[in-house]
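S.K.: Prediction below, plus the sequence it came from.
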Amino acid sequence: MTDTGANQSDVILSARGLTKRFAGFVAVNGVDLDIRRGSIHALIGPNGAGKTTCFNLLTKFLQPSAGTITLNGHDITRQSAADIARRGLVRSFQISAVFPQLTVLENVRIALQRRRGDSFDFWRSQKVLSAFDDEAAARVNEVGLSPHLHEPAGELSYGRKRALEIATTLALEPEMLLLDEPMAGMAQADVALISALIRKISANRTILMVEHNLSVVADLSDHITVLARGQVLAQGTYDQVSSDERVVEAYIGAGHA
Amino acid sequence: MTTQSETGLVESAAVAPTVGTPRHHIIIFFTLLVLLLLAPFVLYPVFVMKVLCFALFASALNLLLGFGGLLSFGHAAFFGSASYVAAHAAKVWGLNPEIAILLGVGAAALLGLGIGALAIRRQGIYFAMVTLAFAQMVYFIAVQAPFTGGEDGIQAVPRGRLFGLIDLTSDLTLYFVVLAIVVAALLGIYRIIHSPFGQVLKAIRDNEPRSISLGYKVDRYKLAVFVMSATLAGLAGATKAIVFQLSSLTDVYWSMSGEVVLMTLLGGMGTVFGPLVGAAAIVTMENYLAGFGAWVTVIQGVIFVASVMLFREGIVGVLAKWLKKPL
Amino acid sequence: MKLPSLILATAASLLMAGTAMATDIKIGVLNDRSGVYADLSGEGSVIAARMAVEDFDAATKGIKVEIVSADHQNKPDIASTIAREWYDQDGVDMIADVPTSSAAFAVNDVTRDKNKIFMDSGAGSADLTGSKCSPNTVHWTYDTWALAHGTGSAMVQEGFKKWFFITADYAFGQALEKDTSAVVTAAGGEVVGAVRHPFPGTDFSSYLLQAQASGAQVIGLANAGGDTVNTIKQAAEFGITQAGQSLAGLLIFITDVHALGLETAQGLVLTEAFYWDLNDDTRAWSKRFAEQNGGNMPTMVHAGVYASVMHYLKAVEATGGKETAALMDWMKANPSQDPLFGEGTIRADGRHVHDMYLFKVKSPAESKGPWDYYNLMATIPAEDAFRPLAEGGCDLVK
Amino acid sequence: MFELLGIPPQALFGQLLLGLINGSFYALLSLGLAVIFGLLNIINFSHGAQYMMGAFVAWMLMTYAGINYWWALLIVPIVVGATGVVIERVMIARLYHLDHLYGLLLTFGLALIIQGLFRNQYGVSGLPYSIPTELSGGTNLGFMFLPNYRAWVVVASAVVCFGTWFAIEKTKLGAYLRAATENPTLVGAFGINVPRMITLTYGFGVALAALAGVLAAPIYSVNPNMGADLIIVVFAVVVIGGMGSILGAILTGFGLGIVEGLTRVFYPEASSVVIFVIMALVLLVKPAGLFGRTA
Amino acid sequence: MREAISPANGATPLLAVRDLQAWYDESHVLHGINFDVRPGEVVTLLGRNGAGKTTTLRAIMGIVGKRSGSVQFEGNELIGQQPRTIARQGIAFCPEERGIFSSLSVDENLMLPPEVKPGGLTRETVLEMFPNLRERLTSQGTKLSGGEQQMLAIGRILRTGAKFLLLDEPTEGLAPVIVQQIGRTLIQLKNQGFTIVLVEQNFRFAASVADRHYVVEQGRVIDTIPNADLDANIDKLHAYLGV
């Protein structure tokens, strides 16, 4: 049922014994995880299961207390968040993460700009960035934000901000995407939209997402890891985990009264 | 990790920026330049030079505060130390003014690198306080070091000859040199703001975690902008030392740091032209109100309070909102 | 177009209408109007300057005098800016007063550059007529050398030989300490220690205890303003004076004594160039002054402003113009004569030389009322009161 | 005789005691600042001005109304604290949703206004305020002469500091305060009027500053500038102690008073900067301060 | 969707929620919640993560960014009131994260909420109800285990005299034995006349204590299931809540 035996070259990101202790309690406890290249992998579990902590550990926004993380065979356990972003592992945020005072175009361009390497060239005009304008506009178009190209991102509606965030993330051409509750706070219509967007971008990419909306998870993901109380409860396809007694119990509760 | 537009230090001017150098910026720059070229024939040149120096100082702080999102409460350290070094170089070593100014700027840059490397490890209030603490140490050194002349400062600094050729004793000649320096520096700041680097800077200011997640090493950017800001503040201080032929403890005292924050805040942080307006307003006010003694302090305080309570975007920020154009 | 000006014009035109061939003179009184020296200089100096113009009867002599004033906040940069603008833009011919040595140096430099005249009363540094002397500057009232010598030598002669200094860690404090130490050792005394405190300070008890532990007989206060006042207050609080040590104020004015009150200040020895209660002339003038100055008696700085403006106006009258070199030459060539300092001369280095006085602060019982504060201990004759011409290192002295 | 770096131990005792006395002012002032920061998250830059107001109001009560020191100790904190309440209601309360730096800028402006107004009215020469007769004189401790008033200052501020610490750490009201610091929303949802508590807390912090001002009036001259430079020193004390930590502010206040006192003996010129050196070091090594909780 | 709005069968509802909408900042979370609670009832809000259950409780307490619609408690409109005045009417809220204050001791945490109505449980009674707390009274609040923290969080609101409790996922992350203990406590409270709104994901637990279940999805109440009809609706519930 688990994939730890999978061919290593198929595994893009893997964690072994991942543990995070906060003052007084263990949020993530010895989690082993393998994300297969090209898959959509969902991390689910009831509230307080440690999903977000786990997510932050994988994206290096938190330092693990123990365990190792490898990306494409490289040990990234001690690398910084910016470093792993450069290795092609890019995350999104639960709350819409745009640059509110930059325009939609500029938001996307910030990501494209990364391709130029470090932008310490303060003496150059930003006109050099106009080389990216077409591509940025295309990315914006992909998420349907073309009419808002020159609006400050801070003035977009919530759903559009999320779309912009995804466009920005994609602009990095990441090998792997980590989406933190992409549907959080979405209106129903937007959910379908973002779902379609995720499916679209999953081509040639690996996606790991934390998501509450189980219908979305069921619909999108190839593989699911269920966490409960900081530990891996079950892994497998949606059908496999949804029929797992322990998972049902974790979600719905044990012992019908 | 809230979006910082609601709570951040720099409020969105709610203006749709355009791509490239906006035409109205060129017009404003050109108008300003013409006015400044005419100014010394109408106004007292030394006064305008003072305004220019402080406009540069405030713009340097604004680069850090308005575009880097970092409030330094110790910028007088760079302004003052550059002023001391330039004054010393010109007076004691007898160097040409341009070399003296360069040395002053170099000193400010080095100091900025040292203080910046330590200060950027902290954020928000802590960042402000660390910079203040270091500035107090610089002040202490300025009081103690023999070459600074204690409370007398370094006086009777010769204006000297530019490149050994142009005599700067005349206020008018000096004026155009200072104007050239300040305009060049302001254009430089404008370029920094609108460079690829400036774009990343604004991104970091708007949303630091997101910038990290896009692969930017934000600490390096913060340090870079800190050093740039310190360097430009140093340029302002060194130029002021040559203009007034004097560098004194006032230049390194913490109230100078407060004053330049006030200029930036009043003019509009995060705007291009705000610091110029703020500096001109404060310097003019100090000059006109000098006779009112302690009332100057009261009026400054009232402006501080009013800026915070009523128009956080500053004069230019409010104008920009009104005109719906970034200024 | 009217130019921006730093000036708060306070004075009035004193010219009678219709006088032909008038010389227009503009005098700038530049001093501390809001800080620690506001009481000892400030508006009082403007009053004194105005009184000089009235007493000289400038108007009938065809000299139109305008007096302007400004606050330099004791900062050299502000002093320099104002002086520059006064000379460049506002047609000021002479700047008077300028307390605080650092500000005085700034005005000294600007005045020389612009070839105008600077008649200092309020500043202390003897360098103004020494290493930094200028052909355009007259230093009228006192200097650190004179204070150090007056107080230092008098105390040593009275048998107070072991000294300890509490010094403001600032150039003027260090200069006072240096000058006084030299006097004390030259007179056969001994300096057993010194402590330099940050300026400004609030608590001096630590230094006072160090002074006490040093076994010195005299604690020399080489600081100024609020620091001196606080040091004296705290010396009383910690029983320093009761335990037998004496305090010597090296830069202390009658306004400081007034602020301290006699209870605290009594017994303090100090040197001044002027005291309102010296003779009938000073009493009469001081009474007139006090009427305009809210009942407060003049300080030696006010007196110096009056006398220096008077002497300057005489030079204007005598030379019939305001050509700087001519005025300076006349002022140095002719003795000054006024009711406050009596007769005096200006030396080649710009030092105005007159008698100085050593005072001891009265006890509350001795005092007959407000401002009756000093007992005269000694008069230091003009020839001994100031640093010998040759020792100052002034370039103007050949 | 045994000496430490040239200082006889008895003299050193004296200096330590003096440091403790000065430290008691730091402790009182930084306590107020820490209380305000703890709950409001505002750097009260006008704290020094409010300390100065304390001294001035005491002087005014004496001069214009003949009210003596002991009554002033009671009245002044209430009066000045009340002005703090007004400031909080009218201005600071409108800034909570913004970056904390705006609070710093606002109170910085307020400090300028307060100091400027007093300077206009009373000049800067300082005004006399005598030590109450009950506390004049002193006691010879053998190694030093300790003025009774200074002894009183140490005792009084130690009592007030302890009282405040006790009130915050050990009483019901203090529990509300601490809880509201952590989670104001939940405390409000329990039915407690959190905004009013915040207002009163600011008033209380200001009152502590004013009390320190009254205590200082008889030994330092009553001067509009008396708090201007002090504020950044006290500020550094709070940062070193750990922003918002009550105990940290008190202990650091006393501790740094002693450190500064020793600096006055061994390197007096540096006594005004030593606290900033310590602050920079502490912040770099232990960002949350010596007693602060790490976020 | 039958009974999306359940009419108050006979008895006047203690709490009537109509078309409640709520926002956090820019995100619109509740899109029109309708339900009633009658005196002495235990009702649950069931639903998946992110459905809007917690927000419903917070909206009743007035601690969301913005809300509209109507929330009537004992006939008084709560929309537009401050959280503290809502609490003063006898409503007590126990948040999902439990809200134990780390700078307060267990005892201080317990004694913190002020009495809003007469007749609250005494400290002694609470300690008898949760004996674990007695031994830990002086320790720091957050040093307690999750279960103990939950007991403390419930215990302290019982002291206030409020008879209307809003409990947000009291069983979350707790060991089964603790869950059972909390279940017993809730039944005990119900028998003492408390009215309780319970947010749960664990519907087995909910079923053991509640009279009625409201199913929340995407910010709306989409179904109402009386506890008695639970077995008949079990498949439907699995569809609503299941994995």
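M.R.: Received it, and whenever you're ready, just let me know what you need. Numbers count the residues shown, from 1 in each chain, chains lettered A, B, ... in the order given.
S.K.: So which residue is dead centre in chain A?
M.R.: Nearest to the centroid of the C-alpha atoms of chain A, with distances taken as C-alpha atoms, centre = their mean, sits A:Leu178, at 1.6 Å.
S.K.: Whichever strand or helix holds B:Leu32 close to chain C?
M.R.: Counting by DSSP states H and E, the element that carries B:Leu32 is helix B:23-42. Yes. Judged by C-beta under 8 Å from any C-beta of the partner chain, helix B:23-42 and chain C are in contact via B:Val42. Yep, even glycine has a C-beta here, placed from its N, CA and C like the rest.
S.K.: these two touch, right, the residue nearest to the centre of chain A and A:Arg205?
M.R.: No. With the criterion set as C-beta atoms under 8 Å, A:Leu178 and A:Arg205 do not qualify as a contacting pair; they are 11.1 Å apart.
S.K.: okay, B:Ser12: pLDDT?
M.R.: What the model reports for B:Ser12 is a pLDDT of 44.
S.K.: can you check C:Asp277 too?
M.R.: Predicted confidence (pLDDT) at C:Asp277: the value is 93.
S.K.: Need the pLDDT of the residue in the stretch 201-327 of chain B positioned nearest to chain D.
M.R.: Of the stretch 201-327 of chain B, the residue with the smallest distance to chain D, taken as C-beta to the nearest C-beta, is B:Phe304 at 2.6 Å. For B:Phe304, the pLDDT comes out at 86.
S.K.: Excluding covalently adjacent residues, which one is nearest to it?
M.R.: The shortest distance from B:Phe304 to any residue other than its chain neighbours is 2.6 Å, reached at D:Gly109 (C-beta to C-beta, 6 or more residues apart in numbering or on different chains).
S.K.: Return the set of buried residues in the host helix or strand of the one you found.
M.R.: D:Gly109 is located in helix D:100-122, with elements delineated by DSSP H and E. For helix D:100-122, a neighbour-count test (16 or more other C-beta atoms under 10 Å in any protein chain shown) marks D:100-120, D:122 as buried.
S.K.: For the residue nearest to B:Phe304, give me its contacts.
M.R.: Under the criterion of C-beta atoms under 8 Å, 6 or more residues apart in numbering or on different chains, the neighbours of D:Gly109 are B:300-305, B:307-308.
S.K.: what about the helices in chain D?
M.R.: D:9-40, D:47-65, D:69-90, D:100-122, D:148-170, D:172-182, D:184-189, D:194-216, D:230-241, D:246-266, D:274-285 (DSSP state H).
S.K.: can I get those helices in TSV with mean pLDDT?
M.R.: Supplementary listing: these in TSV, determined by pLDDT from 0 to 100:
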stretch	mean pLDDT
helix D:9-40	87
helix D:47-65	95
helix D:69-90	96
helix D:100-122	89
helix D:148-170	93
helix D:172-182	90
helix D:184-189	92
helix D:194-216	95
helix D:230-241	86
helix D:246-266	91
helix D:274-285	85
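S.K.: Would you map the helices across chain E?
M.R.: With helices called from DSSP H, chain E shows them at E:53-61, E:83-88, E:106-111, E:123-129, E:131-135, E:146-158, E:176-191, E:203-209, E:234-241.
S.K.: Give me whichever of those is most buried.
M.R.: With neighbours defined as mean count of other C-beta atoms under 10 Å in any protein chain shown, the helices of chain E peak in mean count at helix E:53-61, which reaches a mean of 26.
S.K.: Mind giving me the packing neighbours of that helix?
M.R.: In terms of contact count using 3 or more C-beta pairs under 8 Å, 6 or more residues apart in numbering or on different chains; DSSP states H and E, helix E:53-61 is assigned the packing partners strand E:15-24, strand E:27-37, strand E:42-46, strand E:66-73, helix E:83-88, strand E:91-94, strand E:164-168, strand E:195-200.
S.K.: which stretch among these comes nearest chain B?
M.R.: strand E:15-24 (10.5 Å).
S.K.: Determine if any part of that closest one is in contact with chain A.
M.R.: Yes. Using C-beta under 8 Å from any C-beta, a contact is recorded between strand E:15-24 and chain A, made by E:Tyr24.
S.K.: count of neighbours near the residue nearest to D:Glu182 when sequence neighbours are not counted?
M.R.: Distances taken as C-beta to C-beta, 6+ apart put E:Phe101 closest to D:Glu182, at 5.1 Å, once the chain neighbours are dropped. Residues near E:Phe101, counting by other C-beta atoms under 10 Å in any protein chain shown, number 21.
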